[in-house]
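Novice: the following block contains a protein sequence and its predicted model.
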Amino acid sequence: MPRPLVYLLYNLLLPVVLALGLPSFLIKGLRRGGLARNFRQRLGFFSPDTLAKLQGKKPIWIHAVSVGEVFLALKLIEALRAAAPERSIVLSTTTTTGYRVAAEKESDALTIIHNPIDLPWIAWSVLRKIDPAALVLIEAEIWPNLVGLAKHRGIPVLLANARLSPRSERRYRKVRPLIEPVFSLLDGVTVPFTEDVARWSALGIPADRIEVTGSVKFDNAGQAASTETLRQELGDWLNATGMPALRRILLAGSTHDGEESLIARVVRDLCNEFPDLRLVIVPRHAERGADIARELRGEGFEPFLRAGADKGGPASEAVALGNAMRVWIANTTGELRAWFHHAEVVVIGKSFRGIGGQNPVEPILARRPVIVGPHMENFDEVIGELRLAAGVCQLDGEDALTDALRGILIAPAEGLAMADRGFATMARHDGAAARNASWILRRLPEP
């Protein structure tokens with residue numbers, strides 16, 4: 001389909017989609033907090049201080065949609081600073097939670113903004129004000145007007161760590177005539193796996209513009225030191241809230257609705273055999289913490305929130321002595337990577353009562369045995385590699401969870417051996433952030 005027609009259809013439909021999606025956007029923003037903060041930036045308006053900070057800098061503009069992509073972008077930014085410390089960088093993010101995480105890293109050389117709405121006059125205004133040397137999109141966040149107008153201004157548009165799940169690939173193939181005119185505008189793409197080259201080239205990106213660099217998300221270089229302070233803080237919180245000194249922690253990471261009660265019941269049953277076993281839950285969406293606590297309380301558990309109304313004070317003597325009904329809920333953002341280091345075994349959420357799964361690699365990079373459910377569709381390549389190396393335990397269903405956990409708790413050395421095999425499998429991604437940074441810098445125009 002001709003590119004002008006694609007853009008005409010897109011710009012006719014976008015206002016309708018924005019209007020229909022506005023109530024949901026407002027509700028989510030109010031639940032997660034921070035909706036009003038810098039809301040004008042979404043419409044292309046910046047404070048005088050922000051404009052002065054950008055003036056004449058020709059920054060690299062990196063866009064990441066939400067928390068997961070922001071963490072990936074921050075890894076990339078760290079690598080860019082190491083390779084080109086004189087470069088100014090702008091990081092934009094769509095969600096309020098993503099903005100909160102990114103804002104903690106803001107500095108003289110790094111400006112954090114909300115991503116502008118992709119209406120043509122807003123995108124053009126923001127491009128003019130930022131005047132970037134390049135636009136770098138993270139994973140799959142391709143906004144047609146922003147991409148097209150950047151190209152019109154002669155700005156290189158790059159897609160870093162491009163991620164395409166099998167489900168997304170099938171969906172994109174059905175509408176290839178609509179997306180190919182936009183995707184073909186990309187000047188370059190980096191992908192984590194060799195298999196990704198064929199997927200992206202089938203959507204209209206010439207194969208010679210695609211480079212395999214490994215996954216920035218799975219790049220563990222320099223990550224251990226960056227979480228050490230937070231790890232200590234989390235340990236202090238556990239101790240202060242009655243977690244026994246001698247404990248074996250099962251961490252349920254990035255859980256979705258229904259998985260918290262499932263895993264809590266399994267841990268309760270296993271405590272008859274392993275009385276020092278304890279459960280820490282880190283939900284995928286921190287704002288669900290109060291709902292999870294209510295649900296678990298209704299089943300007889302004693303939930304304890306890291307943040308919020310149920311935060312409470314020191315635990316009771318019964319808890320300190322080993323009350324197996326106690327559940328620790330880390331309803332905070334940005335702490336999951338540090339939590340993995342406190343666990344003896346990790347169960348990955350959205351893999352039992354959801355579709356797609358969550359990232360299994362970070363706990364593997366922390367050298368922890370990892371159990372996932374049958375639904376890991378968004379991580380097919382990774383799970384395939386890990387299963388081939390016997391570096392992960394994937395179950396056919398939730399009924400197998402109790403026995404799988406029992407096996408690791410009975411024979412922890414075998415669990416650690418599995419974790420070591422997984423770690424070795426993922427080691428090839430080390431240095432991916434530096435490779436992506438070098439790739440980006442090579443594509444910047446001459447000053």
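Specialist: Sure, I can see it. Numbers count the residues shown, from 1 in each chain.

Novice: from here on, contacts and neighbour counts on C-alpha atoms
Specialist: Will do.

Novice: can I take it that Pro4 is in a helix?
Specialist: Yes. The assignment for Pro4 is a helix, going by DSSP: H, G, I helix; E, B strand; the rest coil.

Novice: look up the closest residue to the residue nearest to the spatial centre of the chain, ignoring the ones flanking it.
Specialist: Nearest to the mean C-alpha position of the chain, counting by CA atoms, centre = their mean, stands Gly68 at 1.7 Å. Nearest non-adjacent residue to Gly68, counting by CA to CA, 6 or more residues apart in numbering: Gly98, 7.9 Å away.

Novice: just the pLDDT at that neighbour, thanks.
Specialist: We note a pLDDT of 90 for Gly98 in this prediction.

Novice: can you give me the strands in the stretch 301-447 of the chain?
Specialist: 302-305, 326-329, 345-348, 370-372, 393-394 (DSSP state E, counting those that start in this stretch).

Novice: same deal with the stretch 51-200 of the chain?
Specialist: Counting by DSSP E, counting those that start in this stretch, residue ranges of the strands within the stretch 51-200 of the chain are 60-64, 89-93, 110-114, 134-138, 157-160, 188-191.

Novice: the residue nearest to Gly68 touches Leu72, doesn't it?
Specialist: No. Counting by CA atoms under 8 Å, Gly98 stays clear of Leu72, with 11.3 Å between them.

Novice: for Thr94, see how far away the residue nearest to the centre of the chain is.
Specialist: 12 Å (CA to CA, to the nearest Å).

Novice: got the contact list for the closest residue to Asp118 other than its chain neighbours?
Specialist: Once flanking residues are discounted, Asp118 sits nearest to Asn145: 5.9 Å by CA to CA, 6+ apart. Contacts for Asn145 (CA atoms under 8 Å, 6 or more residues apart in numbering) come out as Tyr7, Asp118, Leu119, Pro120, Ala123.

Novice: just confirm the first one is within a strand.
Specialist: So that's Tyr7. No. Assignment of Tyr7 by three-state DSSP gives helix, placing it outside any strand.

Novice: next, count neighbours for Glu104.
Specialist: 9 (other CA atoms under 10 Å).

Novice: let me fix that: Ile130
Specialist: If we define neighbours as other CA under 10 Å, then Ile130 has 20 of them.

Novice: how about Pro2?
Specialist: Other residues close to Pro2 by other CA under 10 Å number 10.

Novice: residue contacts, it?
Specialist: By CA under 8 Å, 6+ apart, the residues touching Pro2 are Pro181.

Novice: quick check: domain ranges of this structure?
Specialist: 3-219+431-442, 223-429 (automatic domain parsing).

Novice: what pLDDT does the residue nearest to Thr227 when sequence neighbours are not counted get?
Specialist: Spatial nearest neighbour of Thr227, excluding adjacent residues (CA to CA, 6+ apart): Ala338 at 5.6 Å. pLDDT for Ala338: 94.

Novice: what's the separation between Ala338 and Glu104?
Specialist: Ala338 is 16 Å from Glu104, by CA to CA.

Novice: likewise for Gln394?
Specialist: Taken as CA to CA, the span from Gln394 to Glu104 is 36 Å.

Novice: repeat that for Pro15.
Specialist: Distance from Pro15 to Glu104, by CA to CA: 32 Å.

Novice: ditto for Leu76
Specialist: Remark: distance between Leu76 and Glu104 (CA to CA) = 16 Å.

Novice: then Asp257?
Specialist: Noted for Asp257: a distance of 29 Å to Glu104, by CA to CA.

Novice: count the neighbours of the nearest residue to Arg428 once chain neighbours are set aside for me.
Specialist: Excluding its sequence neighbours, the residue lying closest to Arg428 (CA to CA, 6+ apart) is Gly214, at 7.2 Å. Residues lying near Gly214 (other CA under 10 Å) number 24.

Novice: over to Arg247?
Specialist: Based on other CA under 10 Å, the number of other residues close to Arg247 is 17.

Novice: now do the contacts for it.
Specialist: Taking CA under 8 Å, 6+ apart, one finds Asp276, Leu277, Arg278 in contact with Arg247.

Novice: just those: which are in strands?
Specialist: Judged by DSSP state E, the contacts of Arg247 include Leu277, Arg278 as members of strands.
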